[in-house]
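Trainee: pasting the structure only:
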């Protein structure tokens, strides 16, 4: 296949318009089926027993009483999920997280599960399971866990990436380092240096739909799994490997997904549901309760970050350095590493060094959360950048513009940038009316920048043309926020037909080749590339069929605006053939017309954003109010601008919640104190203003339409933008996220007292 | 011969070097030769290494050619939301 | 446990069912009656995804027992459209892209319907406080508020 992914400037007909999404009516009428909205005949109810201890050895589990309860059809423990991972440590960690083996590693860690005829029986059965725990000392704080005195979670882990080979096991799984130049020399050239330490608390993606699945394993070794997931092909691989099944015999269907934001990129209870179904010989439906979602799915890291930045009087940054410590939960991750890579990505730096430490703690396994790890690093760096601008006496926007990365800049994580949007977003922010709006008493304005890589990856798409000329598009990337609409627009654009003629669906794992999951903002980037490729393959066939119908050489047929056109004077009398006409004749010209595409979508364009916000702080209570919020972000090309705006607004809102309110609160006993939406309070409608958006389009040279990803970057700047605004309003630098009223009040009082 | 820049942690495995020179025409050959010369690379390659060629990141395209004089940078495979 | 026989009205239709005394109305709607438009996001009345209207009052159906519906009138998202004509709120939610994942949408539509029934001409602030019992994690609420404003204008004109 000779697919050319390079950007070609063109005028768009469909792309860039704002039609109604194809899955819309089902979603406003209650017909759309999400994870928990599906049932199978004869299905059982699955429930999971979870550890009440943060850290404990499991001495023995006695399930005999539960098994005898009438209505109980299966009880499983880790022995029913034997270790088939064959030395693959990453898979072993997934297995251990799905069902604890020797130790329970956090409050909420699964230790057993039941399948029963109804929910009440299942609940009763859980109470009859006797687990003999030996409670161990625990550690939940990231800085505490790094100390030599901290209880060690896993005595087989020795810190990787340090020069001297460690002799003792540690909670620090890995040290990583990025950067270039010489920071010592750079700081020597600085007239001003800002040095600060920051902390951020753990937050959850907070999707409204709890994890849910229906699993059905047959005695012939085939199985079906209905599940809400961001990547059904990845779930299939993981489940098949953990259960010892052949991947092709496990058909995974992705339901409509009620939010993921990274949290549905990992398997949690799905292998358990399959194991229960296998043992019971009946379908099993397993739906997490909200407290299970908080306690036992995958929130983001808690962090502790030190930043040091130096600059000359003229505002040029001479050196930048950061040490980043990120909690991983009980399993090794690369979360600090992502923070270390992204921390200074917005800037053009001659001397930069970042060091990341991955830290194990007795909290649930850290999972990806929208631009994972970048928001915390940006909070620390952008806070210090603001402070440095202030010390130099420069406007914070001008200071950033002066130091912004541009095409040709060596990024802080290594490669040299192509065309990028950090400068343009800063210029747009500088010229935005928001920047000049007056502020009242106790009000402050803040701004900050953010970066995210964006991913591509393996992608497979089928485009089938019906005899009536309508087009069905089967994609394998789960639609988390309107991608079926954007991909239909892309198919319509490429074929030259109306958007309404295209119907996009997300195909199950048995109907399409492998697709990576919808993560890293890749959904529209990758699947649009595959869709364009599939459409071009279909056009080739359409041209051949038209050539047949006309009985002329195919090389004389071109495709324009949804029609085959015979090229050249000699064909002057041939009327153009529409896609519909060619499709209607297809039965007699060679059968069905389709275009397929299997590719690795590479060359995802990095993305940058600049946010501005105004915050009012009540100095008596520490309470805050978001008065105004503006997002400026580069989309490359906005395929469906309304949904691009939606991504910008949604990321900003999540960031606002993170900055001001959301946090995991653990008690001294290591138990999560707030596993519900009442006490883990995400922003509600009355907490927020309208969120203004400005879409910039700096084409990605590696996509035919210039598309970059848009989903994640919008959550990167808010923590810092709000911290800068609060600090300006309260007159004191805030260094601990979330900036809840007690923290702000304490900071104000400390400043007054000091 | 192409010059390959390693990220910090990978450099430690290559005896503290930040750059290595390798005779390789594509990503597949690059990984094979790196694993031969630096056995410590293997777990990293298994875990996934992305290759940035003139700033464009390739995750899975092992057949991608390495043009002479191109800037080649190795990165760990990333996780996203 | 013996079942409780309940006779009620759902979206204008007479409905009879048996339920357990400790079963929530949400579970009855979803599991016994196949009305899965109302969603369970929390089970504790904090997210509003299970919102229904019970005798002209907006409630979280996860906080109501199935047995309590005896002789009452229930409205769910499934009853909002007339035949294939969408309710103005449904239409405006589509036009404004007031949903991304859509899991909270049935709850928001019901809550907005209740709001506009009581206050046909709400200010932005009244809409924001009127919908504060419904959580949305995708949109930042901007497009939801605009959709409700637009629907209110259409409904006033009708």
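Mentor: Received the coordinates, thanks. Please read all numbers here as calculations on a predicted model, not as lab measurements.

Trainee: what number of residues lie near the closest residue to chain C within chain A?
Mentor: Nearest residue of chain A to chain C: residue A:30, at 2.3 Å (CB to the nearest CB). Glycine gets a C-beta too; all of them are placed from N, C-alpha and C. Counted by other CB atoms under 10 Å in any protein chain shown, the residues lying close to residue A:30 total 25.

Trainee: quick check: phi and psi at the closest residue to it other than its chain neighbours.
Mentor: What sits nearest to residue A:30 in space, not counting adjacent residues and going by CB to CB, 6 or more residues apart in numbering or on different chains, is residue C:37, at 2.3 Å. Taking degrees, to the nearest 10, you get phi -60, psi -40 for the backbone angles of residue C:37.

Trainee: residue C:37 contacts residue C:77, doesn't it?
Mentor: Yes. Assessed by CB atoms under 8 Å, residue C:37 is found in contact with residue C:77 at 3.9 Å.

Trainee: now do the contacts for the residue minimising distance to the centre of chain C.
Mentor: Residue closest to the mean C-alpha point of chain C, counted by CA atoms, centre = their mean, is residue C:110 at 3.1 Å. By CB atoms under 8 Å, 6 or more residues apart in numbering or on different chains, the residues touching residue C:110 are C:51, C:52, C:53, C:58, C:75, C:76, C:77, C:80.

Trainee: one step back: what do residue C:37 and residue C:77 both touch?
Mentor: With CB under 8 Å, 6+ apart as the test, residue C:37 and residue C:77 both reach A:29, A:30, C:106.

Trainee: residues in contact with the helix or strand bottoming out on mean pLDDT in chain B?
Mentor: Lowest on mean pLDDT, DSSP states H and E among the helices and strands of chain B sits helix B:8-13, with a mean of 78. Defining contact as CB under 8 Å, 6+ apart, one finds that helix B:8-13 is touched by A:160-161, A:163, A:174-179, A:337, B:17-18, B:38, B:40-41, B:44, B:49, B:74, B:76.

Trainee: of those, buried ones?
Mentor: A:160-161, A:174-179, A:337, B:38, B:41, B:44, B:49, B:74, B:76 (16 or more other CB atoms under 10 Å in any protein chain shown).

Trainee: from the residues you listed, pick the one nearest residue A:16.
Mentor: residue B:76 (35.5 Å; CB to CB).

Trainee: tell me the contacts of the nearest residue to residue A:240 once chain neighbours are set aside?
Mentor: Distances taken as CB to CB, 6+ apart place residue A:247 nearest to residue A:240, at 4.3 Å, with adjacent residues excluded. Residue A:247 is in contact with A:236, A:237, A:240, counting by CB under 8 Å, 6+ apart.

Trainee: skipping adjacent residues, who's closest to the first one in space?
Mentor: Excluding its sequence neighbours, the residue lying closest to residue A:236 (CB to CB, 6+ apart) is residue A:252, at 4.4 Å.

Trainee: repeat that for residue A:270.
Mentor: residue A:213 (5.2 Å).

Trainee: domains in chain A, by residue range?
Mentor: A:24-32+A:456-601, A:35-136+A:210-257+A:264-296, A:303-454+A:605-753 (automatic domain parsing).

Trainee: on that earlier part again, of the buried ones among the contacts of helix B:8-13, which ones also sit close to chain C?
Mentor: Near chain C, taking CB under 8 Å from any CB of the partner chain as the test, no member of the buried ones among the contacts of helix B:8-13 is found.

Trainee: which of those fall in strands?
Mentor: The members of those that map onto strands under DSSP state E are A:174, A:175, A:176, A:177, A:178, A:179, B:49, B:74, B:76.

Trainee: any chance of those in JSON lines, plus pLDDT and distance to residue A:501?
Mentor: What follows is those, written out as JSON lines (pLDDT from 0 to 100; distance: CB to CB, whole Å):
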{"residue": "A:174", "pLDDT": "94", "distance to residue A:501": "51"}
{"residue": "A:175", "pLDDT": "94", "distance to residue A:501": "55"}
{"residue": "A:176", "pLDDT": "93", "distance to residue A:501": "50"}
{"residue": "A:177", "pLDDT": "93", "distance to residue A:501": "53"}
{"residue": "A:178", "pLDDT": "94", "distance to residue A:501": "48"}
{"residue": "A:179", "pLDDT": "94", "distance to residue A:501": "52"}
{"residue": "B:49", "pLDDT": "88", "distance to residue A:501": "43"}
{"residue": "B:74", "pLDDT": "90", "distance to residue A:501": "45"}
{"residue": "B:76", "pLDDT": "85", "distance to residue A:501": "43"}
